[in-house]
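J.: build me a structure from this.
(one chain, ligands or ions: 1)
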Amino acid sequence: MKLNQKVADALNEQINSEWNAAYIYLAMSAYFDDLEFHGIATWMRGHAQEETQHAQRIYDFVVARGYKPEFSGLAKPNSEFESPAAAMKAALEHEEAVTRQIYSLFELANSEKEYSTQTMLNWFLTEQVEEEDLFRSMLKKVEAASESMWHMFALDKELGSD
Ligand code: FEO
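T.: Modelled structure (predicted):
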């Protein structure tokens, strides 16, 4: 059964939103690289790749339901932050916004009786709990390490700097 048009349009928006998240995290990665925190930058870049996988997951579902995804332009991401902790806080807030987007999609799929879309979105509901937990934990680590440059570089090394 071809995907309900309203749901298809909303999923299409989410594909673009996931790409946008990847772009946001790449810009944050550039911010950390610029501060010589290459370990945190690598961690952030890895997360950007995860976002492209999220986009691909929805893309594949939409295609399998007979709809052609459309791409909009990406917004210019912010790459200037007051501090490493401020950048990580912005990342956590972005994840919370994505969770709200997934909730809205789930509600729409429910009201449009798009049951298989709800099943597909179940994966994202679980994923968002993990994503928020991950970023919340990273924010706490960066906040704690921000007390001294030595701790920041130790954290950076732990996350993959060479
Ligand atoms: Fe696609 Fe980090 O949520």
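J.: give the buried residues for stretch 75-95.
T.: 77, 79, 81, 84-85, 87-92, 94-95 (16 or more other Cβ atoms under 10 Å). Where C-beta positions appear, they are placed from N, C-alpha and C, glycine not excepted.
J.: now the chain, which segments are flagged as low pLDDT?
T.: Applying pLDDT under 70 to the chain flags residues 161-162.
J.: ok and the residue in it nearest the ligand?
T.: residue 54 (3.8 Å; Cβ to the nearest ligand atom).
J.: filter the buried residues of stretch 75-95 down to the ones close to the ligand.
T.: When contact is defined as Cβ under 6 Å from any ligand atom, the buried residues of stretch 75-95 meet the ligand at residue 95.
J.: residue numbers of the protein in contact with the ligand?
T.: So the chain meets the ligand at 18, 21, 51, 54, 95, 98, 131 (Cβ under 6 Å from any ligand atom).
J.: hang on, the residue of the chain closest to the ligand packs against residue 124?
T.: Yes: assessed by Cβ atoms under 8 Å, residue 54 is found in contact with residue 124 at 7.4 Å.
J.: re earlier: highest neighbour count among the residues of the chain next to the ligand?
T.: residue 21 (25 neighbours; other Cβ atoms under 10 Å).
J.: secondary structure class for that one?
T.: Counting by DSSP: H, G, I helix; E, B strand; the rest coil, the backbone at residue 21 sits in helix.
J.: so it sits right up against residue 94, yeah?
T.: Yes: counting by Cβ under 8 Å, residue 94 is a contact partner of residue 21 at 6.4 Å.
J.: quickly find the element holding the nearest residue to residue 123 once chain neighbours are set aside.
T.: Computed as Cβ to Cβ, 6 or more residues apart in numbering, the closest residue to residue 123 that is not its neighbour in sequence is residue 57, at 7.3 Å. Using DSSP states H and E, residue 57 sits in helix 38-64.
J.: distance from the chain centre to that helix, please.
T.: 7 Å (Cα atoms, centre = their mean, to the nearest Å).
J.: likewise stretch 138-158?
T.: So, by Cα atoms, centre = their mean, the centroid of stretch 138-158 is 22 Å from its chain's centroid.
J.: list of residues touching that stretch?
T.: By Cβ atoms under 8 Å, 6 or more residues apart in numbering, the list of residues contacting stretch 138-158 from outside reads 37-40, 43, 83-85, 88-89, 91-92, 161.
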